[in-house]
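Undergrad: Dropping a prediction and its sequence here:
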Amino acid sequence: MKIAVTYENGQIFQHFGHTEQFKIYTAEDGKIISSEVIDTNGSGHGALAGLLSSLGVDTLICGGIGGGAQMAPAKAGIKLYGGVSGLCDTAANALLDGTLGFNPDVKCDHHGHHGEGHTCGEHGCGHNCH
(Lines give C-alpha, C1' and ligand atoms only; values in the text may rest on other atoms or scores of the structure.)
Protein backbone atom coordinates (compact mmCIF):
# COMPACT_ATOMS: atom_id res chain seq x y z
CA MET A 1 0.00 0.00 0.00
CA LYS A 2 1.24 3.50 -0.84
CA ILE A 3 -0.21 6.47 1.02
CA ALA A 4 0.26 10.10 -0.05
CA VAL A 5 -0.34 12.95 2.39
CA THR A 6 -0.41 16.63 1.41
CA TYR A 7 2.63 17.95 3.26
CA GLU A 8 3.96 21.20 4.68
CA ASN A 9 6.49 21.27 7.52
CA GLY A 10 5.34 17.92 8.92
CA GLN A 11 1.66 18.94 8.90
CA ILE A 12 -1.15 18.00 6.52
CA PHE A 13 -1.38 20.85 4.03
CA GLN A 14 -4.98 22.03 3.88
CA HIS A 15 -5.57 22.53 0.15
CA PHE A 16 -4.89 19.62 -2.18
CA GLY A 17 -4.72 21.64 -5.41
CA HIS A 18 -2.05 23.97 -4.03
CA THR A 19 0.15 21.48 -2.21
CA GLU A 20 3.82 21.83 -3.08
CA GLN A 21 4.86 18.54 -1.46
CA PHE A 22 3.51 15.11 -0.63
CA LYS A 23 4.86 12.73 1.95
CA ILE A 24 4.67 9.26 0.45
CA TYR A 25 4.50 6.28 2.79
CA THR A 26 4.99 2.66 1.80
CA ALA A 27 3.18 0.26 4.12
CA GLU A 28 3.21 -3.51 4.38
CA ASP A 29 1.32 -5.69 6.85
CA GLY A 30 -0.25 -2.60 8.45
CA LYS A 31 3.08 -0.89 9.20
CA ILE A 32 4.99 1.93 7.50
CA ILE A 33 8.24 0.57 6.13
CA SER A 34 9.48 3.73 4.37
CA SER A 35 8.58 7.33 3.63
CA GLU A 36 9.84 10.21 1.54
CA VAL A 37 8.85 13.80 0.81
CA ILE A 38 8.49 14.68 -2.87
CA ASP A 39 7.99 18.01 -4.60
CA THR A 40 4.95 18.46 -6.86
CA ASN A 41 6.52 21.22 -8.96
CA GLY A 42 3.25 23.18 -8.75
CA SER A 43 1.11 20.78 -10.74
CA GLY A 44 -2.67 21.41 -10.13
CA HIS A 45 -5.50 18.89 -9.45
CA GLY A 46 -5.38 16.60 -12.50
CA ALA A 47 -1.61 16.60 -12.76
CA LEU A 48 -1.27 15.95 -9.01
CA ALA A 49 -3.49 12.88 -9.31
CA GLY A 50 -1.44 11.73 -12.30
CA LEU A 51 1.77 12.23 -10.34
CA LEU A 52 0.42 10.16 -7.44
CA SER A 53 -0.81 7.46 -9.78
CA SER A 54 2.59 7.28 -11.49
CA LEU A 55 4.17 6.70 -8.07
CA GLY A 56 1.81 3.79 -7.37
CA VAL A 57 -0.16 5.67 -4.68
CA ASP A 58 -3.51 4.07 -3.86
CA THR A 59 -4.58 6.26 -0.91
CA LEU A 60 -4.59 10.05 -0.42
CA ILE A 61 -4.93 11.89 2.90
CA CYS A 62 -5.50 15.63 2.68
CA GLY A 63 -7.24 18.61 4.25
CA GLY A 64 -9.58 20.57 2.01
CA ILE A 65 -10.21 19.50 -1.57
CA GLY A 66 -12.65 21.02 -4.03
CA GLY A 67 -15.46 19.00 -5.57
CA GLY A 68 -13.88 18.94 -9.02
CA ALA A 69 -10.51 18.02 -7.59
CA GLN A 70 -12.04 15.02 -5.81
CA MET A 71 -12.76 13.44 -9.18
CA ALA A 72 -9.11 13.39 -10.29
CA PRO A 73 -7.88 10.95 -7.62
CA ALA A 74 -11.04 8.85 -8.00
CA LYS A 75 -10.44 8.51 -11.75
CA ALA A 76 -6.87 7.43 -10.98
CA GLY A 77 -8.16 4.73 -8.60
CA ILE A 78 -6.90 6.56 -5.50
CA LYS A 79 -9.02 6.38 -2.34
CA LEU A 80 -9.52 9.80 -0.74
CA TYR A 81 -9.52 10.61 2.97
CA GLY A 82 -10.21 14.36 3.18
CA GLY A 83 -10.86 16.84 5.95
CA VAL A 84 -7.88 15.63 7.97
CA SER A 85 -5.55 17.92 9.90
CA GLY A 86 -2.52 17.49 12.15
CA LEU A 87 0.76 15.68 11.71
CA CYS A 88 1.27 13.66 8.53
CA ASP A 89 2.95 10.76 10.35
CA THR A 90 0.13 10.54 12.89
CA ALA A 91 -2.52 10.49 10.13
CA ALA A 92 -0.75 7.79 8.10
CA ASN A 93 -0.42 5.57 11.18
CA ALA A 94 -4.06 6.23 12.15
CA LEU A 95 -5.17 5.15 8.67
CA LEU A 96 -3.28 1.90 9.04
CA ASP A 97 -4.70 1.13 12.47
CA GLY A 98 -8.26 2.09 11.48
CA THR A 99 -8.59 5.17 13.69
CA LEU A 100 -8.18 7.99 11.13
CA GLY A 101 -10.83 10.68 11.59
CA PHE A 102 -11.84 12.05 8.20
CA ASN A 103 -14.80 13.76 6.55
CA PRO A 104 -16.25 11.82 3.60
CA ASP A 105 -18.10 14.99 2.47
CA VAL A 106 -15.07 17.30 2.60
CA LYS A 107 -14.99 20.22 0.22
CA CYS A 108 -13.22 23.50 -0.05
CA ASP A 109 -15.75 26.32 -0.46
CA HIS A 110 -13.69 29.48 -0.73
CA HIS A 111 -12.33 29.29 -4.23
CA GLY A 112 -12.67 33.01 -4.89
CA HIS A 113 -10.06 33.94 -2.32
CA HIS A 114 -6.84 32.17 -3.28
CA GLY A 115 -5.08 35.35 -4.39
CA GLU A 116 -5.24 36.70 -0.84
CA GLY A 117 -2.63 34.27 0.46
CA HIS A 118 -4.94 32.31 2.77
CA THR A 119 -4.25 28.86 4.09
CA CYS A 120 -7.47 26.91 3.86
CA GLY A 121 -9.24 26.49 7.19
CA GLU A 122 -6.72 28.44 9.28
CA HIS A 123 -7.38 32.11 8.74
CA GLY A 124 -10.68 33.10 10.36
CA CYS A 125 -11.93 35.22 7.48
CA GLY A 126 -15.39 33.67 7.46
CA HIS A 127 -15.07 30.70 5.11
CA ASN A 128 -14.08 27.15 5.82
CA CYS A 129 -13.01 23.90 4.34
CA HIS A 130 -15.42 21.26 5.57
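TA: Here it is on my side, so go on. None of these values were measured; they are calculated from a predicted model.

Undergrad: can you pull out the strands in this protein?
TA: 2-8, 11-12, 21-28, 31-39, 59-61, 79-81 (DSSP state E).

Undergrad: Out of those, flag the one nearest residue 69.
TA: Distance to residue 69, taken as C-beta to C-beta, is lowest for strand 79-81 among the strands of the chain, at 9.5 Å. Glycine gets a C-beta too; all of them are placed from N, C-alpha and C.

Undergrad: what pairs with the closest one, and is each one parallel or antiparallel?
TA: Sheet pairing of strand 79-81 (DSSP bridges) gives strand 59-61 (parallel).

Undergrad: so residue 60 bridges to which residues?
TA: Under the criterion used (DSSP bridges), residue 60 bridges to residue 4, residue 80.

Undergrad: Contact partners for it?
TA: 3-6, 16, 52, 73, 78-81 (C-beta atoms under 8 Å, 6 or more residues apart in numbering).

Undergrad: Can you say which of the residues you listed are buried?
TA: 3-6, 16, 52, 73, 78, 80-81 (16 or more other C-beta atoms under 10 Å).

Undergrad: rewinding a little: reformat the contacts of residue 60 into JSON lines and put distance to residue 27 and pLDDT next to each item.
TA: Putting the contacts of residue 60 into JSON lines (distance: C-beta to C-beta, whole Å; pLDDT from 0 to 100) gives the following:
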{"residue": "3", "distance to residue 27": "6", "pLDDT": "98"}
{"residue": "4", "distance to residue 27": "12", "pLDDT": "97"}
{"residue": "5", "distance to residue 27": "12", "pLDDT": "98"}
{"residue": "6", "distance to residue 27": "18", "pLDDT": "96"}
{"residue": "16", "distance to residue 27": "21", "pLDDT": "90"}
{"residue": "52", "distance to residue 27": "15", "pLDDT": "93"}
{"residue": "73", "distance to residue 27": "18", "pLDDT": "89"}
{"residue": "78", "distance to residue 27": "15", "pLDDT": "94"}
{"residue": "79", "distance to residue 27": "13", "pLDDT": "94"}
{"residue": "80", "distance to residue 27": "17", "pLDDT": "94"}
{"residue": "81", "distance to residue 27": "14", "pLDDT": "95"}
